[in-house]
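Peer 1: here is the input, now give the coordinates:
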Amino acid sequence: MRRSVASVSLSGTLQEKLEAIAAARFDGIEIFENDLMFYQGSAKDARRHAADIGLAIDAFQPFRDFEGMSNEALARNLDRAERKFDLMQELGAPLMLVCSNTNPGASDDAARAAAHLFELAERAARRSIRIGFGALPWASRITTVAAARQIVEAANHPHLGLVVNNFLMQATGQDLAVLHGLPGNRIFHCHLADSPHSSLDPHTLSRHFRCLPGQGDLDVPGFLSAVLATGYTGTLSLEIFNDEMRAAAPRQTALDGMRSLLFLEEQVRRTQELEAAKILVAGGQPRRRRVELFDPPAAPQILGITFLEFTVDSEANKALSRLLEALGFRRMGTHRTKKVALYGQGRIRIVLNREPDSFAHSYMLVHGPSVCAMAVQVDDAPAAIARALAYGCQPFESRVGAQEKAIPAVRMPNGGLIYFTDAEATNTAAFESDFVIDRDVAIPDGPLARIDHITEALPEGQLDSWVLFYRAVLGLLPEEIFVLPDPYGLVRSKAVSNRERTVRFPLNISESRNTATARSVTSYAGAGVHHIAFETSDIFAAVAALAAAGVPLLSIPSNYYDDIAEKFGLDFDLVETMRNHNVLYDRAGDGEFFHVFTLPFDDRFFFEAVQRKGGYDAYGAANAPVRMAAQAQARASGL
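Peer 2: Numbers count the residues shown, from 1 in each chain. Below is the predicted model of the structure:
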């Protein structure tokens with residue numbers, strides 16, 4: 001199965017796009033006419049450069065407003081096509097993509113449209129060029145794949161076939177059943193894209209908000225399964241019109257694009273395997289697979305967070321150590337060979353790393369005191385690392401001393417590390433074996449028991465990239481997106497989590513420069529952990545312990561408590577207890593959520609204690625505005 005991408009999907013010059021796409025190991029590129037128009041060299045130069053870096057030019061597009069016009073317009077259009085054929089031969093592009101006519105003057109006579117496309121295909125055949133015809137939902141006459149199929153079948157020319165596009169079909173509610181019975185060799189090209197659920201009209205959504213498969217809400221795997229069921233064995237090509245992508249670094253976009261295609265192929269392959277197994281059980285014969293789809297190791301089962309690692313300098317190490325101890329953590333010991341300390345409480349493990357000449361130190365120089373790495377406990381660490389590498393992640397190997405455990409790791413999108421530890425280790429025993437544990441340390445069971453969620457602040461334009469990373473590499477599931485009002489702008493938040501909901505990563509992004517999220521991004525010079533939430537079984541006992549230990553807690557306005565008392569009909573004594581302890585509250589169905597926040601550490605990150613009751617499964621998004629307003633007030637007061 002060939003993998004390609006349309007040049008319009010990336011930012012940059014044509015040369016930059018070619019190099020980015022080749023570096024991501026695509027097989028080919030579709031060249032948009034404007035990219036060639038603005039290119040400093042000739043079409044032959046572009047063809048030569050693409051060939052030198054191992055990239056084929058799969059198609060040229062778009063050719064617009066052709067079929068169904070007057071005889072005089074047809075003659076002009078055919079002359080125009082001949083000039084494009086000249087250009088395509090210089091490019092070495094074997095396929096021209098033609099979209100249905102948007103001119104209001106186009107005829108609704110299907111026979112006339114078929115005759116015009118037949119003539120175009122006849123001329124293309126003389127140049128050994130093929131014509132792919134696709135329907136635009138906003139065209140004047142031919143708006144659906146069903147209508148385009150009818151025209152192509154009526155024209156009946158071997159050099160004329162269909163272009164199918166999942167976004168244009170699924171965003172406009174077209175039935176995939178139209179593909180049933182269609183011979184796969186009559187599909188000349190397959191375009192793929194995703195998009196979020198939106199009330200925008202399809203044209204606006206198409207031009208500005210398409211995203212990569214796996215980043216949105218469309219059933220792209222269902223579409224591809226239907227296309228492959230026709231016997232199609234041609235190119236899968238990403239065609240993404242997205243304002244953020246056209247401003248992002250082309251290499252990252254190309255890498256994300258390849259990762260999205262591989263993830264899509266894996267999803268379809270798994271579905272095919274399940275269907276084949278059902279057919280075999282029923283005594284039938286499964287359909288033969290005509291193309292080989294990406295087959296990485298299965299997504300890991302993520303059981304929990306083994307540890308979080310902060311990079312610190314001497315000053316930050318002292319301050320963060322004091323804060324952790326006030327939060328109830330105890331220093332368990334130090335690393336055998338490195339300046340690394342281990343802190344523990346309940347099932348939580350936190351590492352403070354101030355080792356010079358190390359990854360953590362390099363990360364510190366760029367990002368300052370911050371979470372530089374995390375470890376997830378998985379059912380099969382070797383398989384998890386193999387999957388990550390198959391999806392294009394960069395491996396990382398740290399310096400390992402005698403009798404120390406080598407933990408496999410890859411880089412995350414921000415350059416931080418994610419380690420994979422095996423489930424065979426009871427809790428964190430294997431990881432802790434690298435430390436000299438203080439014999440007289442008793443690890444407390446409370447007030448904080450485990451990590452509930454880890455929230456990350458992302459630079460503008462990176463949310464989709466991170467969602468794709470967590471979905472494809474770790475097999476996490478995306479949740480609903482929320483828009484949260486900060487006093488200085490809006491914050492968009494989308495979480496990913498495992499099926500058991502024991503590992504959760506809310507991802508926050510803001511276009512405003514002054515929100516708390518944006519300030520974290522500025523402090524980190526990039527993406528970073530914004531806050532860490534710890535679970536407790538008794539929020540009020542936890543708050544009392546934290547306050548007694550001198551933990552600086554975020555002060556919540558008294559007016560908030562008057563509002564929730566009325567909103568939820570809460571008991572007066574409960575409301576007063578929450579007011580006195582700065583505890584926030586939310587309810588969903590029978591579930592209740594109590595949470596409290598610390599003041600930020602060095603205006604960079606903060607901690608949260610949460611208690612879930614009755615199956616509450618969210619993050620208290622309703623309280624985000626008052627929390628962010630309180631943080632803004634605290635910052636203005638110099639706290």
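Peer 1: what's stretch 206-218 in contact with?
Peer 2: 166-168, 170-171, 192-198, 200, 220, 238-243, 245, 256-257, 260-261, 263-264, 464, 467-468, 471-472 (CB atoms under 8 Å, 6 or more residues apart in numbering). All C-beta atoms are positioned from the backbone trio N, CA, C, and that covers glycine.
Peer 1: out of those residues, list just those in helices.
Peer 2: 166-168, 170, 220, 256-257, 260-261, 263-264, 464, 467-468, 471-472 (DSSP state H).
Peer 1: of all the residues you listed, which comes closest to V529?
Peer 2: V529 lies nearest to V467 out of the ones in helices among the contacts of stretch 206-218, by CB to CB, at 16.5 Å.
Peer 1: what about that closest one, how many residues nearby?
Peer 2: 25 (other CB atoms under 10 Å).
Peer 1: that one and A495 touch, don't they?
Peer 2: No. In this structure, V467 is not within contact of A495 by CB atoms under 8 Å, at 9.4 Å.
Peer 1: so what sits against both of the two?
Peer 2: By CB under 8 Å, 6+ apart, the residues touching both V467 and A495 are 478, 507.
Peer 1: just give me the neighbour total for the nearest residue to N623 once chain neighbours are set aside.
Peer 2: Nearest residue to N623, sequence neighbours excluded (CB to CB, 6 or more residues apart in numbering): L584, at 4.3 Å. Counted with other CB under 10 Å, the neighbours of L584 add up to 25.
Peer 1: repeat for the one 4 residues further on
Peer 2: A588 sits with 14 neighbouring residues when counted by other CB under 10 Å.
Peer 1: with A457 instead?
Peer 2: 28.
Peer 1: quick one: what helix or strand has it in it?
Peer 2: strand 450-458 (DSSP states H and E).
Peer 1: and that strand, which strands flank it?
Peer 2: Here strand 450-458 is paired, per DSSP bridges, with strand 504-510 (parallel), strand 528-535 (antiparallel).
Peer 1: give me the mean pLDDT for that strand.
Peer 2: Taken as a whole, strand 450-458 has an average pLDDT of 97.
Peer 1: buried residues of it, list them for me.
Peer 2: Residues of strand 450-458 classed as buried by neighbour count (16 or more other CB atoms under 10 Å): 451-458.
Peer 1: returning to that earlier point: among the strands paired with strand 450-458, which is nearest D52?
Peer 2: strand 504-510 (37.8 Å).
Peer 1: who are the contact partners of the residue nearest to N623?
Peer 2: 556, 560, 578, 594-597, 620, 623, 626-627.
Peer 1: neighbour-wise, which of those residues leads?
Peer 2: Neighbour-wise, the contacts of L584 (other CB under 10 Å) top out at V596, 26 neighbours.
Peer 1: touching, it and A544? I think so.
Peer 2: No. At 10.9 Å, V596 does not count as touching A544 under the criterion of CB under 8 Å.
Peer 1: overlap in contacts, those two.
Peer 2: By CB under 8 Å, 6+ apart, the residues touching both V596 and A544 are H581.
Peer 1: show the end-to-end separation of stretch 404-421, please.
Peer 2: Stretch 404-421 has its terminal residues 14 Å apart, counting by CA to CA, to the nearest Å.
Peer 1: one more: stretch 353-372?
Peer 2: 9 Å.
Peer 1: so which bits of that stretch are buried?
Peer 2: For stretch 353-372, a neighbour-count test (16+ other CB under 10 Å) marks 353-355, 358-361, 363-364, 367-372 as buried.
Peer 1: next: stretch 563-576.
Peer 2: For stretch 563-576, the buried set under the neighbour-count rule, 16+ other CB under 10 Å, comprises 564-565, 570, 574-575.
Peer 1: widest-spaced pair of these?
Peer 2: Between any two of the buried residues of stretch 563-576 (CB to CB), the greatest distance is 10.0 Å, for I564 and L574.
Peer 1: separate out the buried members of the ones in helices among the contacts of stretch 206-218.
Peer 2: With burial judged by 16+ other CB under 10 Å, the buried subset of the ones in helices among the contacts of stretch 206-218 is 166-168, 170, 220, 256-257, 260-261, 263-264, 464, 467-468, 471-472.
Peer 1: tell me the one among these nearest to L507.
Peer 2: Among those, and counting by CB to CB, the member closest to L507 is V467, at 6.8 Å.
Peer 1: just the pLDDT at T426, thanks.
Peer 2: Reported pLDDT for T426: 45.
Peer 1: typo on my end, it should be Y524
Peer 2: 92.
Peer 1: not counting sequence-adjacent ones, nearest residue to it?
Peer 2: Once flanking residues are discounted, Y524 sits nearest to H367: 4.8 Å by CB to CB, 6+ apart.
Peer 1: okay, that neighbour and N414: tell me how far apart.
Peer 2: Per CB to CB, to the nearest Å, H367 is found 8 Å from N414.
Peer 1: do the same with I187
Peer 2: 39 Å.
Peer 1: likewise G569?
Peer 2: Distance check for G569 against N414: by CB to CB, it reads 44 Å.
Peer 1: Q394 now?
Peer 2: Q394 sits 12 Å away from N414, going by CB to CB.
Peer 1: and the two? which has more neighbours close in?
Peer 2: The neighbour count for Q394 versus N414, taken as other CB under 10 Å, is higher for N414 (21 against 12).
Peer 1: read off the pLDDT value for that one.
Peer 2: Value for N414, per-residue pLDDT: 94.
Peer 1: excluding chain neighbours, give the residue nearest to it in space.
Peer 2: That would be A527: by CB to CB, 6+ apart, it lies 3.9 Å from N414.
Peer 1: repeat that for R627.
Peer 2: Here the residue nearest R627, using CB to CB, 6+ apart, is F597, at 6.1 Å.
Peer 1: quick one, strands of the stretch 501-639 of the chain?
Peer 2: 504-510, 528-535, 584-588, 591-597, 606-613 (DSSP state E, counting those that start in this stretch).
Peer 1: I meant the stretch 101-250 of the chain, not that one.
Peer 2: Under the criterion DSSP E, counting those that start in this stretch, strands of the stretch 101-250 of the chain are mapped to 130-134, 160-165, 187-192, 236-238.
Peer 1: those: which one's closest to R387?
Peer 2: strand 236-238 (20.7 Å).
Peer 1: thinking again about what came up before, format the strands of the stretch 501-639 of the chain as TSV; extra columns: distance to P213.
Peer 2: Below are those laid out as TSV (distance: least, CB to CB, whole Å):
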stretch	distance to P213
strand 504-510	18
strand 528-535	27
strand 584-588	31
strand 591-597	33
strand 606-613	33
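Peer 1: for Q61, which of those is the nearest?
Peer 2: Across the strands of the stretch 501-639 of the chain, closest to Q61 is strand 504-510 (CB to CB), at 31.7 Å.
Peer 1: what's the closest one in contact with?
Peer 2: Residues from elsewhere that reach strand 504-510, judged by CB under 8 Å, 6+ apart: 452-463, 466-467, 470, 476, 484, 486, 489-498, 517-518, 521, 530, 619.
Peer 1: which parts of stretch 205-213 are buried?
Peer 2: 205-206, 209-213.
Peer 1: oh sorry, the question was meant for stretch 16-24
Peer 2: Buried residues in stretch 16-24, defined by neighbour count with 16+ other CB under 10 Å: 17-22, 24.
Peer 1: output that stretch as CSV, nothing but the C-alphas.
Peer 2: Extracted in CSV, the C-alpha atoms of stretch 16-24 (Å, rounded to 0.1, in the frame of the first residue of the first chain):
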residue,chain,number,x,y,z
GLU,A,16,10.9,22.2,2.2
LYS,A,17,7.7,20.1,1.7
LEU,A,18,9.5,17.6,-0.5
GLU,A,19,12.3,17.1,2.0
ALA,A,20,9.9,16.9,5.0
ILE,A,21,7.7,14.3,3.3
ALA,A,22,10.7,12.2,2.2
ALA,A,23,12.2,12.4,5.8
ALA,A,24,8.9,11.0,7.1
